[in-house]
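1. take a look and give me a structure for this.
(chains A and B)
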Amino acid sequence: MLSPITFSLFSDPTARIVILGCGVLGACAGALGCFAILRRRALVSDAVAHAALPGVCVSYLIFGERNLPALILGAFVFGLLAAGSIALVQRYSRIKDDAATALAIGGFFGLGIVLSRIIQNSPTGNRAGLDGFIFGKAASLVWSDVVSISILAICILGTLALFFKEFSAVCFDRGFCASLGWSVLLYELLLVVLVTACAVVALPATGAVLIVALLIIPGITARFWTDSLLRMVLLGGLIGFSSAVLGTIVSATVPPPGSDGRGGWPTGPMITLVASALFFLSLFFSPRRGVVADWIRTRRMRKLLAKQLPEVL
Amino acid sequence: MSSFAQNLSTLSTLLTEDDWWNMTTGVVCAVSCAIPGCFLLLRRLSLLGDALSHSILPGIALAFIITGSRNISFMLFGALLAAMITVFISRNIQVWGRIPEDSALGVAFTSLFALGVVLLSGAARHVDIDPGCVLYGSLEFVSFDRIDLMGFEIPRVLVSLLVILTISIVAITTFFKELTLVSFDPTLAKTLGFLPSIISTVFLLLVSSVIVASFEAVGSILVVTMLVAPAATAHLLTDRLVPLLLFAAFQAVISAILGYLGAVMLNTSVAGMISVVSCVLFLGALCLSPRYGFVSRLVRRCLLLVRIAKEDILGIIFKIEERLGKSQPVSSKTLSDLLRDEGASVLRTFARYQLLSSGLLKEESRGHFSLSPSGRAFAQSIVRGHRLWETYLEQFLNLPSDHVHAPSHLVEHYLSPPLQSMIARQVKTSQDPHGSIIPKEPIPKKDNADD
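-> You can find the predicted model right below:
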């Protein structure tokens, strides 16, 4: 929880760090999420995020201490394992992608709970910090976190920019992509690696469920405003950034009822709620694809038909 | 590891009366999830289980905040309402916004989950709720909270699960035909006047009740495994609906019992262990299922490879005999030279041993082989199939004669004698495009008949 809310937000270094870290994460996830959405693999990120828990536990069991890079590496490896097993099962068996994803979510998370309970019950065990990976706590971000988040975000966005052409071919026309001599498998794998990296780095700040929100909601919101992939990705990044910043500010400044001015709302869920508010605004009021615009168009068309049809007949 | 063995030996004494109640609750919970899970799997709605188990959180939170009590019926009502809202929202944003199904579901459940967390943290000062309990469940402790039922002290969670299980079994057996129809062919159901939307809604209501009832025991995320894993395992073992339901229920019982025992031995979370065991059973079926398993498919492919290698050897010796006009032992070197492009030599060696042991091939002298009478009949049938197919391709598909060998070389292994005679009636010729005679249909011979 953030401390007293009477501070001036932008002069307080803690708040600045949290806002900056979440904003960079939001921009990165929003841009990257567009590709996951277009490839209909949006919920694979859910499995990746849940698979981080057993990864963290396994690397804790191996290294025996809370070594942050090792924990992140463990989470990353297990995230890839989850994404890979989903792809293998749906490719080589009669189990469809939805069931494969659901199984990966439940199976890996179950393994994570089993391992984390074993760690907790062992005499030297100290689970503190392992759970934080799943629930996420943005307020605990420190300056070095923000630096590593930013470096990773630059790497992810740089890769996106470098292979933009290839990724868009993979999203829209795999046959065409293959006919150009580009390996579809390679670029799909690269996208999965990027999503896993993004999810793993975002986990300590946002938590497992809400990283899914950060990946899906900005991209799908951007989709309402444009038909061009480049604009969708840029807009997705922008929406992700602004909902993260806005959500962080709201969670830090608006006091919960009955809290006598202390404490604040949880950051991750607040970011999600801001993003989803933007989504519903776009769903209804986007000029081209929005519900209201659709309704007006249909009505106009009906009137036109009602007027012209008798003349034609 | 010694402590593990020690645990194993004292397992029977470890299980107290509480443990038996907990295990029973686990079994009932697993079965009540597995049965509706089969229909979720068939309708490709598995992820709905994941989404619903997250999105009922705001319903539970609101029930807390409004009533201020932890009464199970208010919670159930709130959760059901939230589940219905999730389904409504995801269906409608999918249609209105023309967005993919998985993204629509993702938007709906993450938003509702976030709302639930925010509501809970706003109310956290008034009610005590343990987020760990919500996520992981506490099957270990269900036996502490009992109610009196007809003279028995039964865990409260078990009672509500039994009620849900009974309702779902009754509902599914009563509307079995309708549910099957809607699961496999919603359009046909609609044309027959079965109102698929109402059946779907009632079914989703059932799924939501199962999730809510299981929530306390196994937590919100592991309920996904309980819904999907038994059904997915059974789906790999059978193609029929009733066996699917029975296999799924059986898998659920096994994984609940093994999971509970495993958790007691390792001193860890029961719900997590059940989930892991369930997924391990699924992986087992994925590898070993007789029909759809990876391993069984691999074995079948290897057997096919060996059969093709055997038929290639027989065919090549037959053609050498034909060219020389007499039976002549063929050296293994000639064989491997002629069949160099037909896959691994290990495979051919294995195929040759099989041919020798089944008596289709005879070893005349060391490293020299000739066909036995039954082997010759077999080879004749294969060469006949090959040449018939070449002729057919030339006559009916107008392929040039230098293009017909390769496809025929593949197809020759799949042409049964009845199919061969049908082709023979069509092509009406005794020579293939390369001028070779198409052999007659072989007459089965005994091996000991003279050559």
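
2. name the element the residue nearest to A:Phe108 when sequence neighbours are not counted belongs to?
-> Distances taken as Cβ to Cβ, 6 or more residues apart in numbering or on different chains place A:Ala51 nearest to A:Phe108, at 3.9 Å, with adjacent residues excluded. C-betas here are computed from N, CA, C, even on glycine. Following DSSP states H and E, one finds A:Ala51 within helix A:44-63.

3. buried residues, that helix. List them.
-> A:44-60 (16 or more other Cβ atoms under 10 Å in any protein chain shown).

4. close to chain A: what parts of the stretch 251-400 of chain B are there?
-> B:263, B:266-269, B:271-276, B:278-279, B:282, B:286, B:292, B:294 (Cβ under 8 Å from any Cβ of the partner chain).

5. out of the residues you listed, which are buried?
-> Buried, going by 16+ other Cβ under 10 Å: B:263, B:266, B:268-269, B:271-276, B:278-279, B:282, B:286, B:292, B:294, out of those.

6. now, which of these lie within helices?
-> B:263, B:266, B:271-276, B:278-279, B:282, B:286, B:294 (DSSP state H).

7. where does the chain have its least confident helix or strand?
-> By default, I'm working from chain A. helix A:132-135 (a mean of 60; mean pLDDT, DSSP states H and E).

8. hm, I was asking about chain B
-> helix B:131-136 (a mean of 57).

9. in which helix or strand does B:Leu314 reside?
-> Assigned by DSSP H and E, B:Leu314 belongs to helix B:294-324.

10. before we move on, what about B:Met422?
-> B:Met422 belongs to helix B:417-427, assigned by DSSP H and E.

11. which strands and helices sit next to that helix?
-> For helix B:417-427, the elements it packs on are helix B:373-397, judged by 3 or more Cβ pairs under 8 Å, 6 or more residues apart in numbering or on different chains; DSSP states H and E.

12. can you name the element that comes right after the helix it packs on?
-> helix B:405-411.

13. list the contacts of that following helix.
-> Residues from elsewhere that reach helix B:405-411, judged by Cβ atoms under 8 Å, 6 or more residues apart in numbering or on different chains: B:385-387, B:389-390, B:393, B:434.

14. out of those, the closest to A:Ala293 would be?
-> B:Leu393 (58.4 Å; Cβ to Cβ).

15. and the pLDDT for residue 9?
-> The chain I'm using is chain A. A:Leu9 carries a pLDDT score of 58 in this model.

16. switch to chain B, that's the one I care about
-> For B:Ser9, pLDDT reads 60.

17. next: A:Ala222.
-> So, for A:Ala222, pLDDT stands at 94.

18. mind checking the SS state of it?
-> helix (DSSP: H, G, I helix; E, B strand; the rest coil).

19. that one against A:Phe241, yeah?
-> No. Using Cβ atoms under 8 Å as the test, A:Ala222 is too far from A:Phe241 to be in contact (11.9 Å).

20. okay, those two: which has more neighbours?
-> A:Ala222 (27 against 21; other Cβ atoms under 10 Å in any protein chain shown).

21. pLDDT below threshold where in the chain?
-> As the question left the chain open, I've gone with chain A. A:1-11, A:65-66, A:124-139, A:255-264 (pLDDT under 70).

22. actually it's chain B I care about, not the one you picked
-> B:1-14, B:70-72, B:123-137, B:149, B:151, B:444-451.

23. all strands for it, in order.
-> Taking DSSP state E, the strands of chain B run over residues B:146-149, B:152-155, B:330-331, B:361-365, B:368-371.

24. ok, now which ones touch residue 293?
-> By default, I'm working from chain A. Contacts of A:Ala293 by Cβ under 8 Å, 6+ apart are A:285-287.

25. meant chain B, my bad for not saying
-> B:236, B:285-287.

26. same check, this time on B:Pro442
-> Taking Cβ under 8 Å, 6+ apart, one finds B:376-378, B:380-381, B:384 in contact with B:Pro442.

27. most neighbours, which of those?
-> Ranking the contacts of B:Pro442 using other Cβ under 10 Å puts B:Arg384 first, with 25 neighbours.

28. surely that residue touches B:Gln420?
-> Yes. The pair B:Arg384 / B:Gln420 is scored as a contact, 6.0 Å apart, by Cβ under 8 Å.

29. intersection of neighbour lists for the two?
-> By Cβ under 8 Å, 6+ apart, the residues touching both B:Arg384 and B:Gln420 are B:Glu441.

30. ramachandran angles for B:Arg240?
-> phi -110, psi 150 (degrees, to the nearest 10).

31. and the gap between it and B:Thr180?
-> Per Cβ to Cβ, to the nearest Å, B:Arg240 is found 11 Å from B:Thr180.

32. looking at those two now, which is surrounded by more residues?
-> B:Thr180 (16 against 9).

33. OK, contacts around the nearest residue to that one once chain neighbours are set aside?
-> Distance criterion Cβ to Cβ, 6+ apart; nearest residue to B:Thr180, sequence neighbours excluded, is B:Leu241 at 5.9 Å. Contacts for B:Leu241 were tallied using Cβ under 8 Å, 6+ apart; they are B:38, B:42, B:180.
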